[in-house]
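**Student:** Predicted structure and sequence below. I'll ask about it afterward.
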Amino acid sequence: MKKIGLAMFILTIAVILVSTGCKKEPSGPSQLTVEVFDRGSDGGRTLAYDNAWTDWIKEKVKKDLNIEVTFMPVGRWSEDVDIVNLMASSSAPDLCYTYNLGMIASFRDQGGVLDLSPYIDKFLPDMKKLLGSDPALPGQDLIYRDKDPATGKIYSIPNYVVNLPQRNIFIRKDWLDKLGLPLPKTTKEFHDALVAFRDKDPGNVGRNRVVPFVQGSDARWGFASIVYAFFDPKLSERDLWISSFTDRPIMIPGYKEGVRLINQWYNEGLIYKDFPLMTVADDGNNMLKSGVGGAFSGNWDLPYRVDYKINEELAQNIPGAEFVPIDCIQAPDGITRKYISDKAGLRMFIPSFSKNHEAALKYLNWLSIYENFHFLQIGTEGVNHTLVNGVPRVQSAGAGHPWIQNSSNNIDFTMPMNGIELGSPELNARVLALGYGNTPPETIVNAYNLSTINGRAAPVYQATTTKDGLYGQTLRDKADTILAQSILAKPQDFDRVWDAGIRDYLASGGQEVIDERTSLWKK
């Protein structure tokens, strides 16, 4: 009885201690690893994973969430290979992001990605509100874009693309002026301008050095400004979706004819002959800055970006030199059609082997809170921006400065969005126009408008594909090879080279992807 009484006494004391607030010592902070794109050190960039911005994030997240963040760098231009290797070794960060949806699908099919559907309402309320509605899928929130319609599972979450233009073609206006030529408004006028650059060398750089059209390391992206215009504008959403995969829509009717035109221009000596040897973005950018190039295609605002400084450094090397945007490549119906961005951008995912998925979700939601992403985007007044009528004009802190932004508006850190978000479309437009250093706002507005005129977003269809992920990397590599080899071929060999490449492409999984997508599309 005494033993029973002693036991009851101990139990009673324990209950009293718990009920009166006796608690265990608080556990230490959660640990979290987060991916960050590494864009190298050119332009005075700092270490992607260790700089003033990462220090600020670490300190504030520790204070707000009791989470210790460690950033893991992944090569911006080698992300596909880098992430695959990290996933294969189970050493990928707890929170990853990529533009490669097929890669995520492949990880998903191997059981490597966490289903996020049970966690969205509990952990991501601010992110859900920030992303808002999905214009491509009426009645649905953007956070659910990647929801499997059959199972309800969600393996990735898109970020919110604030601004929708993608690409522009740019041309040396000073060269046109010297030749007495207007800004090209048609495909023929653009071709004639390139021929004049080749034959008359208006920049006096030397007939053997002048490059009418500079294509850098990402030919697939750059040439898209020309090739995509050849797509049949009457193609249905179904046909576009079935043929658009792995970010290489080479199966869309019209793509081949667009590449044929580039092949002709290449054989006329109008396109940089060694473009397949370009390995990094700065290879082409440095050529543009040196003054030997007459035109190029790339991101809609590339010459004005304060992190690349193409127009700025070009003008320093050649006073009066300037690249300006033009809208001239015509679709089969004569209209200068082009493609614009979907509201959904890169995708964020959590590896299934992560032991810190709740910390990753809390961090994503933290990034969706205005005071946090706002500072990351515009920084400190006088260092990263100045105010113009109450709207921040973003500026570079300067090469080597601790607070330099390695990516435009710190998009590598502000995962939930791409583009400055001030709370309204009007303010977003104003801050965008002011965010290019000394470039006049009207110049940015013009480039924006030219890039979106007659624009069409890629088709969206909610269906869970498996073949995209299975064959994605193989098909991307083969598509890039087909593009390069077809452009380099002699005109009389173009059809043979292209058709042989397509046969191999289809036999290597392309046909299986098309067949699966065809079966998934519901009428």
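**Tutor:** That came through, no problem. Numbering: from 1, shown residues only.
**Student:** can we go C-alpha only for contacts and neighbour counts from here?
**Tutor:** Will do.
**Student:** Quick one: the helices in the stretch 201-350 of the chain, in order.
**Tutor:** Per DSSP state H, counting those that start in this stretch, the stretch 201-350 of the chain carries helices over the ranges 219-222, 224-227, 237-243, 255-267, 281-290, 310-317.
**Student:** Arrange the ones you listed in TSV, one row each, with mean pLDDT, distance to Leu483 and mean neighbour count as further columns.
**Tutor:** Output for these, formatted as TSV (pLDDT from 0 to 100; distance: least, C-alpha to C-alpha, whole Å; neighbours: other C-alpha atoms under 10 Å):
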stretch	mean pLDDT	distance to Leu483	mean neighbour count
helix 219-222	92	8	19
helix 224-227	95	11	24
helix 237-243	94	16	18
helix 255-267	97	7	19
helix 281-290	92	18	19
helix 310-317	97	26	19
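**Student:** Among those, single out whichever gets nearest to Lys178.
**Tutor:** helix 310-317 (16.0 Å; C-alpha to C-alpha).
**Student:** Give me the distance between the closest one and the centre of its chain.
**Tutor:** The chain centre lies 25 Å from the centre of helix 310-317; the measure is C-alpha atoms, centre = their mean, to the nearest Å.
**Student:** So which other helices or strands are in contact with that helix?
**Tutor:** Using 3 or more C-alpha pairs under 8 Å, 6 or more residues apart in numbering; DSSP states H and E, the elements in contact with helix 310-317 are helix 281-290.
**Student:** Run through who's touching the helix it packs on.
**Tutor:** 214-218, 278, 293, 308, 310-311, 313-314, 317 (C-alpha atoms under 8 Å, 6 or more residues apart in numbering).
**Student:** just stretch 244-256 next, same as before
**Tutor:** Stretch 244-256 has contacts (C-alpha under 8 Å, 6+ apart) with 100-102, 220, 227-228, 230-232, 240, 243, 468, 472-473, 475-476, 479, 498.
**Student:** That one: how far from the chain's middle?
**Tutor:** What separates the centre of stretch 244-256 from the centre of its chain is 19 Å, taken as C-alpha atoms, centre = their mean.
**Student:** end-to-end on it?
**Tutor:** In stretch 244-256, first residue to last residue: 14 Å (C-alpha to C-alpha, to the nearest Å).
**Student:** re earlier: tell me the two of the contacts of helix 281-290 that are most distant?
**Tutor:** Spatial extent of the contacts of helix 281-290 (C-alpha to C-alpha) is set by the pair Asp218 and Asn317 at 25.0 Å.
**Student:** Poorly predicted segments of this protein, please.
**Tutor:** 1-26, 523 (pLDDT under 70).
**Student:** per-domain residue ranges of it.
**Tutor:** Using automatic domain parsing, the domain parsing of the chain gives 30-162+343-371, 167-339+473-520.
**Student:** how about TSV for those, with distance to Pro425 added?
**Tutor:** Shown next, in TSV, are the domains of the chain (distance: least, C-alpha to C-alpha, whole Å):
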stretch	distance to Pro425
domain 30-162+343-371	9
domain 167-339+473-520	19
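**Student:** quick one: which of these is nearest Gly437?
**Tutor:** domain 167-339+473-520 (6.4 Å).
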